[in-house]
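J.: starting from these lines, generate the structure:
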Amino acid sequence: PNIMQMNPLNALLITLGIISFYNIFLGIFNLLPAFPMDGGRILRAFLAMWLPYLEATRTAVAIGKTFALLMGLIGLLPPVNPFLILIAFFVYYGAQGEERETYFAVSLEGIKVSDVMTPTPNVVYIPPDWTISQLVEVMFRFKHMGYPVQEDLSGPPLGIITFHDVREVPKELHDKVLVKEVMSKEIISVEPDINAYKALQIIARNQIGRLLVIQDNTIKGIITMKDIMRKMEFMNMYPNSE
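T.: Sure thing, here's the model as predicted:
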């Protein structure tokens, strides 16, 4: 008989048994020595007792990828198991993501936003009453895709204007539309003393190219994804530099 035709107590016991089975299965699966499961993190912690953290991560990732490839191969054997193949992809790319995140975190350890940002004296700002045509001239001259909008650098930021905003304005209106009419007033910012890796996470999470660096309601600088990547490259080439 199906579960709907059973005695309610028996049906409940079978349902609880099925739930328990899947909970146990998920618990065991979570302990596999592969990222992004907890087993991968446990393996990394174990390896980190003897290896540098980044190297321990890379070793754990390599082991995790091996597990993923084995699962994928088993899933391809007749009868083909699409679910196992899907899990293999999940584990493989989860391992890659963990390695990348750890690489960023380790490379930027001890690096503050203030160490990477373009400081205020060198920040190009756009007055709110400028036209889009004037803004485009500045974009061509300085080759930046986004600028803070403010009356002057000593005052509070009013917004931020990017090339994406410019594209929303028809070209024939560039001489009439003002920056303040199309700028974004939602300013995503960081303080100069936070870790550069946190700034990188904020940039990635919000899918933007730059962050204003603000302290006491005053712009202290601007930091971009390129700034952070350039700093990482330099630190990896010259790890003993200050």
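J.: let me see the ranges of the helices in this structure.
T.: Listed in chain order, the helices of the chain (DSSP state H) span 8-30, 38-47, 53-76, 82-107, 113-116, 132-142, 163-167, 179-182, 196-206, 225-237.
J.: quick check: mean pLDDT of the last one?
T.: In other words, helix 225-237. Mean pLDDT, computed over helix 225-237, is 87.
J.: just stretch 135-148 next, same as before
T.: On average, stretch 135-148 scores 93.
J.: domain map for the chain?
T.: The record's domain split for the chain, according to automatic domain parsing, is 31-107, 113-237.
J.: could you tell me the least trusted of those domains?
T.: domain 31-107 (a mean of 87).
J.: now do the contacts for the closest residue to Leu173 other than its chain neighbours.
T.: Distances taken as CB to CB, 6 or more residues apart in numbering put Ile132 closest to Leu173, at 7.4 Å, once the chain neighbours are dropped. Glycine gets a C-beta too; all of them are placed from N, C-alpha and C. The neighbours of Ile132, taking CB atoms under 8 Å, 6 or more residues apart in numbering as the test, are 166, 169, 173-175, 177-179, 182.
J.: any figure for the gap between Ile132 and Tyr147?
T.: 12 Å (CB to CB, to the nearest Å).
J.: try Asp227
T.: 15 Å.
J.: check Leu69 too.
T.: Leu69 is 47 Å from Tyr147, by CB to CB.
J.: quick one, which of the two is more surrounded?
T.: Tyr147 (23 against 13; other CB atoms under 10 Å).
J.: ok, the closest residue to that one other than its chain neighbours - contacts?
T.: Computed as CB to CB, 6+ apart, the closest residue to Tyr147 that is not its neighbour in sequence is Ile126, at 4.7 Å. By CB under 8 Å, 6+ apart, the contact set of Ile126 is 135, 138, 147-150, 161, 179.
J.: neighbours around Phe83, how many?
T.: 8.
J.: what sits against it?
T.: Gly75.
J.: now swap in Leu13 and tell me
T.: Under the contact definition (CB under 8 Å, 6+ apart), no residues are listed for Leu13.
J.: Glu99 now?
T.: By CB under 8 Å, 6+ apart, the neighbours of Glu99 are 35, 57-58, 61.
J.: now, which of those sits nearest Gly155?
T.: The shortest approach to Gly155 among the contacts of Glu99 belongs to Thr57, at 44.6 Å (CB to CB).
J.: ok, that closest one - how many residues close by?
T.: Residues within reach of Thr57, counting by other CB under 10 Å, total 27.
J.: and the closest residue to it other than its chain neighbours, how far from Val61?
T.: Ranked by CB to CB, 6+ apart and with sequence neighbours excluded, the top spatial neighbour of Thr57 is Thr102, at 4.3 Å. Computed as CB to CB, the Thr102 to Val61 distance reads 8 Å.
J.: comparing those two, which residue is more hemmed in?
T.: Val61 (24 against 19).
J.: surely the more buried one is in contact with Gly97?
T.: No: look at Val61 against Gly97 with CB atoms under 8 Å: they stay out of range, at 9.6 Å.
J.: who touches both of the two?
T.: Phe35.
J.: bridging residues for Pro119?
T.: Gly221 (DSSP bridges).
J.: how many other residues sit next to it?
T.: The burial count for Pro119: 13, using other CB under 10 Å.
J.: do the same with Gly94
T.: Around Gly94 there are 19 residues (other CB under 10 Å).
J.: so who does it touch?
T.: Going by CB under 8 Å, 6+ apart, Gly94 touches 34-37, 64.
J.: format the residues you listed as CSV; extra columns: distance to Ala199 and neighbour count.
T.: CSV is the format used below for the contacts of Gly94 (distance: CB to CB, whole Å; neighbours: other CB atoms under 10 Å):
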residue, distance to Ala199, neighbour count
Ala34, 30, 26
Phe35, 24, 29
Pro36, 23, 16
Met37, 28, 21
Gly64, 28, 27
